[in-house]
Structure formats: structure tokens, C-alpha cells
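K.L.:
coords please:
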Amino acid sequence: MSHICMTQTTRTLERRLGDAIRSRAPKILVELVMFTLKQAWACLFGALLLVGLIVSDMIWDDTWRLARYDALVIYALTLQALFLIFKLETLAEARVILLFHLTGTAMEIFKVHMGSWAYPEPALLKLWGVPLFSGFMYAAVGSFMARVIRIFDMHFAPYPPLWITFTLGTAIYLNFFTHHYIWDARYVLFAATLIVYIRTRIWFQIGANTYWMPLPLAALLSSFFLWVAENVGTGTGTWIYAGADGVSLVSFAKMGSWYLLLYVSFVTVTLVMRDALIQAPLTKDHATAASPRPAR
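P.N.:
Next up, the predicted model:
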């Protein structure tokens with residue numbers, strides 16, 4: 001009951017904010033404005049983390065007793081607490097984000113051990129060379145996915161059988177580890193994402209209208225913005241890739257890595273958002289009717 005109440009409160013707050021913006025936006029551009037603002041609202045946690053990276057890099061003094069990485073851990077924990085206190089996230093979303101944090105931290109520890117990248121600054125809150133705030137960067141992806149599904153009233157149809165999606169997600173996650181020892185299967189996995197999800201449309205609401213986008217295209221576009229975030233991280237010296245000079249842009253190959261990781265993230269989110277998955281194809285009218293609340 002408390003979970004349902006919190007979900008309704010979160011949606012009520014966001015509906016009021018959306019109504020206030022819509023009443024002030026130019027009528028001819030209202031849907032474009034709302035789409036942009038909804039996307040920005042959905043990625044609020046990640047955007048605030050990037051602000052923390054930039055501001056801390058600008059102001060931090062190495063002589064301060066509190067290490068920058070440790071301050072970022074405190075900052076990220078504070079953000080998470082505020083999101084729950086002000087009901088910007090539901091408890092179900094927070095549980096998914098915790099899972100992202102754990103799986104992301106595990107990957108970070110392995111990748112740092114293998115020399116793929118490094119965190120050069122000292123800190124007390126570090127495990128095997130990995131500052132604990134790094135898990136929140138993965139959690140930010142989970143936060144965005146969970147929030148964007150709710151904010152846009154998204155449905156995914158026709159959605160493949162769950163056992164196939166979980167098998168693919170597991171294979172992608174394991175490949176991030178195993179490619180250091182055996183053949184890198186990423187190109188096979190790229191093809192597999194298209195084979196599994198090529199028919200899946202993301203149906204979403206903007207105002208009274210319903211739109212759709214192919215799921216692989218959405219993953220590709222999202223991977224570009226994550227690549228931009230990677231450049232913010234390297235540009236602030238928060239982490240350093242092996243062989244990188246700290247000045248040049250991150251390799252576009254990282255977009256491929258994020259593209260694949262997004263499918264792992266998506267499968268993880270579906271653990272608690274099964275209502276958004278529909279195995280049969282949808283029409284525009286059916287997608288509108290499937291919305292759990294009146295269109296905004």
C-alpha cells in the first residue's frame with residue numbers, strides 16, 4: 001500500500017509540474033518542449049552527478065582534508081536521499097538503482113584491476129582502487145530508465161519472451177569480463193540486439209498524443225548521450241582511460257559499449273516494471289488506452 005501511495009504522489013507532483021510548464025509554453029511548440037523537458041527531468045539524477053563532477057573539479061584543493069572522491073560519495077548519497085524524501089523516485093525505482101550500483105561497482109573493480117581505466121586521486125572510500133561514488137554513475141542510468149518509463153507512460157511491444165531478453169542481457173554483461181580472456185563477442189551481441197528487439201517499439205505519451213520509436217534506435221541515441229557524459233568524466237580527470245591523454249575525446253567505440261550496457265540496464269529495470277511489457281503488437285489507439293493514467 002505504501003509503495004502505491006508513493007507512486008501516486010510522485011506522479012501527482014510531476015503532473016502538476018508538467019501542467020504548469022505546458023500552460024506557459026508556446027502552443028505550437030508545446031509537444032517538443034514537453035518532450036525535451038520530460039527527458040531532462042528523467043535524467044535529473046545523472047545530470048546532477050555530472051554537475052558534481054564539474055564543480056568539484058573546479059573548486060577542489062588537494063590540501064583539503066576531505067578527498068574529492070569521498071565528497072562525491074557523500075554528494076551522491078545526499079542526492080539519493082533527497083530524491084526519496086521529495087518523492088522524485090519511488091521505492092521500487094530505488095531498489096533497481098541499488099542493483100545497478102552493485103553490478104556497476106563489480107564491473108568497475110574488475111575493469112580497474114585489468115587496467116582498462118583508473119581513478120588517479122586518493123580517497124578513503126575506495127575498494128580495490130575504485131571510489132564508491134563510481135557505482136552511482138551506473139545507478140544514474142538505472143534512475144533515468146525507471147523514471148523515463150514512468151514519466152512518458154511507456155510501453156514496449158511486441159516484447160520478446162523474458163527468457164530471451166534475460167539470456168541476452170546476461171551474455172552482454174559477462175562479455176564485459178570474458179573478452180579480456182577469450183574472443184570478444186561484441187559484434188555478435190550487436191547483431192543479437194537487433195534480432196531480438198528489431199520489432200519492439202517504445203510507445204510513449206506526450207500530452208494527448210501517442211508516439212513510438214524502435215527500441216534499438218532509442219538505445220543508440222541514448223548511448224551517444226552517455227558517451228558525452230564519459231567525456232565530462234575524463235575531462236574533469238575523474239577517471240583516466242588506459243592510453244588516453246586526458247585531452248582528446250573518448251573513443252567512439254565507447255558508444256558501442258554503452259549501447260550494449262543499456263540492454264543490460266533495460267533488462268534490470270524490467271524486473272520491477274513488468275506492466276510496461278506487452279508481448280502482442282500495439283496500435284496507436286491500444287497504446288493510448290494502455291496508459292495507466294490520463295494523458296498529460
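
K.L.:
Which residue ranges of the stretch 51-200 of the chain form strands?
P.N.:
Applying DSSP state E, counting those that start in this stretch to the stretch 51-200 of the chain gives strands spanning 117-118, 126-127, 130-131, 155-157.

K.L.:
Which of these sits closest to residue 89?
P.N.:
strand 155-157 (20.6 Å; Cβ to Cβ). C-beta coordinates here come from the backbone N, C-alpha and C atoms, glycine included.

K.L.:
distance of residue 93 from residue 41?
P.N.:
Residue 93 is 14 Å from residue 41, where distance means Cβ to Cβ, to the nearest Å.

K.L.:
likewise residue 189?
P.N.:
31 Å.

K.L.:
cool, residue 143 as well?
P.N.:
According to Cβ to Cβ, residue 143 and residue 41 sit 11 Å apart.

K.L.:
just residue 235 next, same as before
P.N.:
25 Å.

K.L.:
Look at those two and report which has more neighbours.
P.N.:
Each of residue 235 and residue 41 has its neighbours counted (other Cβ atoms under 10 Å); residue 41 has more, 18 against 15.

K.L.:
Now do the closest residue to the more buried one other than its chain neighbours: how many residues are near it, please.
P.N.:
Using Cβ to Cβ, 6 or more residues apart in numbering and skipping the chain neighbours, the partner closest in space to residue 41 is residue 151 (6.4 Å). When counting by other Cβ under 10 Å, one arrives at 21 neighbours for residue 151.

K.L.:
Touching, residue 151 and residue 35? I think so.
P.N.:
No: Residue 151 lies out of contact with residue 35 (Cβ atoms under 8 Å); the separation is 10.6 Å.

K.L.:
quick one: residue 265 and residue 148 touch, right?
P.N.:
No: Residue 265 is beyond contact range of residue 148, at 11.5 Å (criterion: Cβ under 8 Å).

K.L.:
tell me the residue furthest from the middle of this structure?
P.N.:
Computed with Cα atoms, centre = their mean, the residue of the chain farthest from its C-alpha average is residue 63, at 34.1 Å.

K.L.:
Turn the strands of the stretch 51-200 of the chain into JSON lines, columns for mean pLDDT and distance to residue 257.
P.N.:
Output for the strands of the stretch 51-200 of the chain, formatted as JSON lines (pLDDT from 0 to 100; distance: least, Cβ to Cβ, whole Å):
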{"stretch": "strand 117-118", "mean pLDDT": "92", "distance to residue 257": "12"}
{"stretch": "strand 126-127", "mean pLDDT": "92", "distance to residue 257": "22"}
{"stretch": "strand 130-131", "mean pLDDT": "94", "distance to residue 257": "17"}
{"stretch": "strand 155-157", "mean pLDDT": "94", "distance to residue 257": "23"}
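
K.L.:
Out of the ones you listed, which is closest to residue 46?
P.N.:
Using Cβ to Cβ, the nearest of those to residue 46 is strand 130-131, at 17.1 Å.

K.L.:
Given that closest one, what are its sheet partners and their directions?
P.N.:
Paired with strand 130-131 in the same sheet, following DSSP bridges, are strand 126-127 (antiparallel).
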